[in-house]
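Predicted model, plus sequence, below.
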Amino acid sequence: MEIAIIVAVVVVALVFDYTNGFHDAANAIATSVSTGALTPRIALGMAAVMNFVGAFLGQKVAQTVSEVIDPGTGTHGLVIVLCGLLGAISWNLITWYFGLPSSSSHALIGGLVGAAVAAGATTDWTVVVEKVVIPMFLSPVVAFGLGFALMLAIMWIFRRANPSKANRGFKMAQTVSAAAMALGHGLQDAQKTMGVIFLALLTGGYVAAGDPLPLWVIFAAASAISLGTWSGGWRIMRTLGRRIIHLDPARGFAAESVAASVLYTTAYAFQAPISTTHTITSAVMGVGATKRLSAVRWGVARSILTAWVLTFPAAALVAAVCYWIAHIFLP
């Protein structure tokens, strides 16, 4: 029974990773596609490859995710992890259906915490607050501010440039910034799935707390998120690329560059599993606000903010319900 549940947890974790890929594919490429810098097919292919590569660039975020809860050992602990994943997947699918760029990261953490609380298992609230909640509020503010500042600098530096030539140059530059953003997405989000799989293996007694991530875990998570990205994410892409603000190449480049920088900094310096969705969306709003505040469609922004606020508790609630149902059949 225990081996079967471990296999089920790994499979469900990879399904979550896949949904993360198609849910968050828009994060890396929506701005490049909306500005015409890249065609959708080329953009998706590039994002899929860079997601795969990014997954191999670090393990610190995975370590943080594996420390969020202590589900205990044996079958009961594995059921807690499984129910946390189901809560995250459910919220991902709901927000994908409505085209809302919510956070897969916070859905995953919320799901794990919700299942743990329902089961009476230990939650490391210090990790949750310092590595999840605080970055959840700070990273969008930083991305907005940096996006606004970088775009102002670009407007001043290129104030005498020929608009047509400048646009062509920034379209070319967006190839690099979109690739950097996709690499950061792989670095951040694939590691979250690795952390959950490691937690399941730890719960089952197949690895020790200080062990490195097995290579097969890294490869499987990298492949799942890459395949998910390749499958697209057109509903959310429309929201990020056009519904918030119609971007030009310079603003697209600025937003992607800022978002990628924030992702790398938080992954390597703080080991924080931040939301790529929050980061790029806030950067897009920041660069858009330099045009004029009214250019940003704040009604759409409010809908996105609502999804952000609801993500953690909603995923936690679904995971808790999953645990209560599972507990009936697996006492």
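Structure received. Computed from a prediction, not measured in an experiment: that's the story for all the values here.

Following element in sequence after the lowest-mean-pLDDT helix or strand in the chain, please.
Ranked by mean pLDDT, DSSP states H and E, the weakest helix or strand in the chain is helix 234-238, scoring a mean of 54. Using DSSP states H and E, the helix or strand that follows helix 234-238 in sequence is helix 249-265.

Report the buried residues of that following helix.
Buried residues in helix 249-265, counted by 16 or more other C-beta atoms under 10 Å: 249-264. In this view, the C-beta of every residue, glycine as well, is placed from N, C-alpha and C.

again with stretch 69-82
Result for stretch 69-82 [16+ other C-beta under 10 Å]: buried residues 69, 70, 71, 72, 75, 76, 77, 78, 79, 80, 81, 82.

so can I have JSON lines of those residues showing distance to residue 308, pLDDT and secondary structure?
Below are these laid out as JSON lines (distance: C-beta to C-beta, whole Å; pLDDT from 0 to 100; DSSP: H, G, I helix; E, B strand; the rest coil):
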{"residue": "69", "distance to residue 308": "22", "pLDDT": "95", "secondary structure": "strand"}
{"residue": "70", "distance to residue 308": "27", "pLDDT": "94", "secondary structure": "strand"}
{"residue": "71", "distance to residue 308": "26", "pLDDT": "93", "secondary structure": "coil"}
{"residue": "72", "distance to residue 308": "31", "pLDDT": "88", "secondary structure": "coil"}
{"residue": "75", "distance to residue 308": "34", "pLDDT": "88", "secondary structure": "helix"}
{"residue": "76", "distance to residue 308": "32", "pLDDT": "90", "secondary structure": "helix"}
{"residue": "77", "distance to residue 308": "30", "pLDDT": "92", "secondary structure": "helix"}
{"residue": "78", "distance to residue 308": "30", "pLDDT": "92", "secondary structure": "helix"}
{"residue": "79", "distance to residue 308": "29", "pLDDT": "93", "secondary structure": "helix"}
{"residue": "80", "distance to residue 308": "25", "pLDDT": "94", "secondary structure": "helix"}
{"residue": "81", "distance to residue 308": "24", "pLDDT": "95", "secondary structure": "helix"}
{"residue": "82", "distance to residue 308": "25", "pLDDT": "94", "secondary structure": "helix"}
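
Now do the helices for the stretch 101-250 of the chain: every range, in order, please.
Listed in chain order, the helices of the stretch 101-250 of the chain (DSSP state H, counting those that start in this stretch) span residues 104-119, 125-127, 134-157, 163-185, 191-203, 215-230, 234-238, 249-265.

Pipe those into TSV and attach distance to residue 277 per row.
Shown next, in TSV, are the helices of the stretch 101-250 of the chain (distance: least, C-beta to C-beta, whole Å):
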stretch	distance to residue 277
helix 104-119	7
helix 125-127	21
helix 134-157	10
helix 163-185	10
helix 191-203	13
helix 215-230	14
helix 234-238	8
helix 249-265	10
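
Quick one, which of those helices gets closest to residue 315.
helix 104-119 (3.7 Å; C-beta to C-beta).

got any ranges where the stretch 201-331 of the chain has weak pLDDT?
For the stretch 201-331 of the chain, the stretches with pLDDT under 70 are 232-246, 293-301, 303-304, 330-331.

hang on, isn't residue 79 packed against residue 326?
Yes: using C-beta atoms under 8 Å, residue 79 is in contact with residue 326, at 5.2 Å.

Quick check: neighbours shared by the two?
Residues touching both residue 79 and residue 326 (C-beta atoms under 8 Å, 6 or more residues apart in numbering): there are none.

Give the other helices and strands that the helix or strand in which residue 326 is found contacts.
Assigned by DSSP H and E, residue 326 belongs to helix 298-329. Judged by 3 or more C-beta pairs under 8 Å, 6 or more residues apart in numbering; DSSP states H and E, the packing partners of helix 298-329 are helix 74-97, helix 104-119, helix 276-289.

picking that back up, can I get the buried residues of stretch 69-82 in JSON lines including distance to residue 186?
Converted to JSON lines, these look like this (distance: C-beta to C-beta, whole Å):
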{"residue": "69", "distance to residue 186": "24"}
{"residue": "70", "distance to residue 186": "28"}
{"residue": "71", "distance to residue 186": "27"}
{"residue": "72", "distance to residue 186": "31"}
{"residue": "75", "distance to residue 186": "32"}
{"residue": "76", "distance to residue 186": "33"}
{"residue": "77", "distance to residue 186": "28"}
{"residue": "78", "distance to residue 186": "27"}
{"residue": "79", "distance to residue 186": "29"}
{"residue": "80", "distance to residue 186": "27"}
{"residue": "81", "distance to residue 186": "23"}
{"residue": "82", "distance to residue 186": "24"}
